[in-house]
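J.: sequence isn't available, so here's the structure alone:
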């Protein structure tokens, strides 16, 4: 089964200026306005270009390994005693997470635009690995910006990127995490706009990135919908996905937005607890503001400085969130909740021991919410949870937390 | 009273070019900023750009990033910067002061509150780096209502249509970003800058200021030859970072005087 990757994406939002209601937009320094306009024109052209779409579909199938399975976690569902949980297995994609869907789409676009160099930012390293992977595959030069703190937490992924031929540049400014890597990638882009394509890893950034990344990730939701219809002949009752910047959640949610009977839950990182301030839950506990090229919910202090975030998972450790999520929250179409570090860790162990699937700590936040949600639902109801990445990269983090040393 | 317009009128009459130093408010400590502003004026600055420190200065190179980090660490926030201008105005009611920074602190303070406070303190212009004119109409309306000039950037990548659109909204002066890059980047190509300035002049009578990449007396003089104003930021901020705190005022005075003399020797 292949599902046409881009042509079937409806386009009601954003508007022509990239706004989702009052969110989104294009808040960048003047030098980037024209390159963003060029990118938008190229994307608008190629998203309906049959040759481009065919090339993307071909690579999604044979290189990424799509469609990813929709797996009925029967044993775990039975233990929880409520709704049936189906896992969308993005962890089985090439490179081990959903990030490759969008990295591949953007890199193919870069090639069509004649750009010889790609840059990317990364937090957990999954988007950096995906970008380095497609760069190797397409023969493009690749520079990945990564906070020096994240490089320590995700040393294995740093080495993976280097094996793939990418240059990983440590970012020492600010909090030395994902947001600072994004700042540094923007600075690189503004300095090298002529030959460089910036592959943003999430549904954030200036227009057209939030819409473009969503469209490339929407294959997740389109497949899941088709798969569940085939397996059960019906739509799910609820969708659950973790939200850092929010690309895997947007990818799952988007094709279901018009299906009002399907509830949507985005799960943010509550870190050590919202009340401690040590969290990364922009939608649950932030205010609206402007960062990284768009207006959205943001964790900033009373003076407008961006607050340093905390999460056990580097991939959720981000103070903003994609503007479409901000819009979905305000309109009430999606619900946003937060899960603490220890709850995510427990869910990581549960899925590993009960289903033999080791989830990424990011995805474990979504699973931890399933643990709360499923028992409140009937046994004939269905939840689709996005298993956005595999947990191999987190073994070191989990082991360290539990006092193990290798 | 419009200090920016008066300033550029006077300079034009004298056939002089404006020298606009940029410093980050509160770097390295909040006490130095107002005396430093006066020192810059005494040494020959015509307009002052006062950087508002921010946690995520995306358009800035390392020098101004570090300055911003020092200022944030020393406790300087947007409302303190506005207070500094008010303090400066007690003894200088002529030199225009432009606040330069990022949108989020202004957004969190609230546009109306910000415009009112800035006007009351004696600010003359506001340049919000990550607010292109497409998104700026609400803030610009409030700035105008408080007699504050909205200053916009034009870049080497800006198309003729955009130049017209930006020029139509801009006030005070237009800030031409001389190169594709962040603040404090490599040397500028004055021929390319000169060509672009000629193009911009087709659409506006506003004074054209050149910034990014002006490092010393030679580049300041070369830019003064082709523009109406020269902005020097990273080169000044770096010198202040390299000297002893006790030498900040004297270092800034001698550097600005050097640039002034070079520009006046045209």
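T.: Here it is on my side, so go on. This is a predicted model, so every value here is computed, not measured.
J.: test my guess that residue A:13 contacts residue A:23.
T.: No: in this structure, residue A:13 is not within contact of residue A:23 by C-beta atoms under 8 Å, at 9.8 Å. The way it works is simple: take the backbone N, C-alpha and C, and place the C-beta from them, glycine included.
J.: for the stretch 301-406 of chain A, which segments count as helices?
T.: A:323-331, A:341-355, A:361-373, A:395-401 (DSSP state H, counting those that start in this stretch).
J.: check which helices and strands the last one is in contact with.
T.: To tie it back to what came earlier, the one meant is helix A:395-401. helix A:341-355 (3 or more C-beta pairs under 8 Å, 6 or more residues apart in numbering or on different chains; DSSP states H and E).
J.: list the buried ones in the helix it packs on?
T.: Of the residues in helix A:341-355, A:341, A:343-348, A:350-351, A:355 count as buried by neighbour count, 16 or more other C-beta atoms under 10 Å in any protein chain shown.
J.: which one among those residues gets closest to chain B?
T.: Nearest to chain B out of the buried residues of helix A:341-355 is residue A:341 (C-beta to the nearest C-beta; 23.7 Å).
J.: out of the helices of the stretch 301-406 of chain A, which gets the lowest mean score?
T.: Of all the helices of the stretch 301-406 of chain A, mean pLDDT reaches its minimum on helix A:395-401 (a mean of 91).
J.: for that one, buried residues please.
T.: For helix A:395-401, a neighbour-count test (16+ other C-beta under 10 Å) marks A:396-398 as buried.
J.: ditto for stretch B:204-221
T.: B:204, B:206-215, B:217, B:219-221.
J.: which residues does the closest residue in space to residue B:214 that isn't next to it in sequence form beta bridges with?
T.: Leaving aside its chain neighbours, residue B:214 sits nearest to residue B:232 (4.9 Å; criterion: C-beta to C-beta, 6 or more residues apart in numbering or on different chains). Under DSSP bridges, the beta-bridge partners of residue B:232 are residue B:21.
J.: what number of residues lie near residue B:232?
T.: 25 (other C-beta atoms under 10 Å in any protein chain shown).
J.: do residue B:146 as well
T.: As a burial measure, residue B:146 scores 16 neighbours (other C-beta under 10 Å).
J.: same check, this time on the one 3 residues further on
T.: The number of residues packed around residue B:149, counting by other C-beta under 10 Å, is 24.
J.: and residue B:45, that's in a strand?
T.: No: according to DSSP: H, G, I helix; E, B strand; the rest coil, residue B:45 belongs to no strand; its state is coil.
J.: from chain A, how far out is it?
T.: Distance, residue B:45 to chain A, using C-beta to the nearest C-beta, to the nearest Å: 24 Å.
J.: now for the spatially closest residue to residue B:145 that is not a sequence neighbour: which residues touch it?
T.: Excluding the flanking residues, the one nearest residue B:145 by C-beta to C-beta, 6+ apart is residue B:115, at 6.9 Å. Counting by C-beta atoms under 8 Å, 6 or more residues apart in numbering or on different chains, residue B:115 touches B:139, B:142-143, B:145-146, B:148.
J.: related to what we said a few turns ago, now, the buried residues of stretch B:204-221 that are in strands?
T.: Among the buried residues of stretch B:204-221, the ones falling in strands (DSSP state E) are B:208-211.
J.: quick one: which of those residues is nearest chain A?
T.: Among these, residue B:211 lies closest to chain A (C-beta to the nearest C-beta), at 11.8 Å.
J.: can you count the residues close to the residue nearest to that closest one when sequence neighbours are not counted?
T.: Closest residue to residue B:211 apart from its sequence neighbours, by C-beta to C-beta, 6+ apart: residue B:231 at 3.4 Å. By other C-beta under 10 Å, the residues close to residue B:231 number 28.
J.: so who does residue B:231 touch?
T.: B:20-22, B:49, B:175, B:209-212, B:214.
J.: how about the residues of chain A by chain B?
T.: Within chain A, the positions near chain B by C-beta under 8 Å from any C-beta of the partner chain are A:17, A:25-35, A:173-174, A:179-180, A:183, A:186-187, A:190-194, A:287-293, A:295, A:298, A:300, A:302-306.
J.: buried subset of these?
T.: Buried members of the residues of chain A next to chain B, counted by 16+ other C-beta under 10 Å: A:25-35, A:173-174, A:179-180, A:183, A:186-187, A:190-193, A:288-293, A:295, A:298, A:300, A:303-306.
J.: just the terminal-to-terminal distance for stretch B:144-151.
T.: 11 Å (C-alpha to C-alpha, to the nearest Å).
J.: in that stretch, which residues are buried?
T.: B:146, B:148-151.
J.: just the pLDDT at residue A:8, thanks.
T.: For residue A:8, pLDDT reads 49.
J.: swap in residue A:13?
T.: Model confidence at residue A:13 (pLDDT) stands at 89.
J.: doesn't it fall inside a strand?
T.: No: assessed with three-state DSSP, residue A:13 is coil; it does not lie in a strand.
J.: so who does the residue lying closest to it once chain neighbours are set aside touch?
T.: In space, and not counting its chain neighbours, residue A:13 is closest to residue A:20: 5.1 Å by C-beta to C-beta, 6+ apart. Listed by C-beta under 8 Å, 6+ apart, the contact set of residue A:20 reads A:13-14, A:210, A:323-324, A:326-327.
J.: do that again at 7 Å, thanks
T.: A:13-14, A:323-324, A:327 (C-beta atoms under 7 Å, 6 or more residues apart in numbering or on different chains).
J.: what distance do you get for the residue of the stretch 301-406 of chain A found nearest chain B to residue B:107?
T.: At 3.2 Å from chain B, residue A:304 is the closest residue in the stretch 301-406 of chain A, using C-beta to the nearest C-beta. Applying C-beta to C-beta, to the nearest Å, one obtains 7 Å for the distance of residue A:304 from residue B:107.
J.: give the residues shared as contacts by those two.
T.: Common neighbours of residue A:304 and residue B:107 are listed as residue A:289 (criterion: C-beta under 7 Å, 6+ apart).
J.: and the pLDDT for residue A:121?
T.: Looking at residue A:121, its pLDDT is 97.
J.: make sure residue B:127 is indeed in a strand.
T.: Yes: when three-state DSSP is applied, residue B:127 is found to be in a strand.
J.: partners of it in the sheet?
T.: Counting by DSSP bridges, residue B:127 forms beta bridges with residue B:100.
J.: give me the number of residues near the closest residue to residue A:244 other than its chain neighbours?
T.: Of all residues not flanking residue A:244 in the chain, residue A:316 sits nearest, at 3.9 Å (C-beta to C-beta, 6+ apart). Neighbour count of residue A:316, defined by other C-beta under 10 Å: 31.
J.: contacting residues for residue A:316?
T.: If you count contacts by C-beta under 7 Å, 6+ apart, then residue A:316 has A:242, A:244, A:269, A:280, A:362, A:365 around it.
J.: mind redoing it with 8 Å?
T.: A:242-244, A:268-269, A:280, A:362, A:365.
J.: next up, the contacts around the residue lying closest to residue A:277 once chain neighbours are set aside.
T.: Spatial nearest neighbour of residue A:277, excluding adjacent residues (C-beta to C-beta, 6+ apart): residue A:307 at 7.9 Å. The contact partners of residue A:307, taken as C-beta under 8 Å, 6+ apart, are A:277, A:299-301, A:319.
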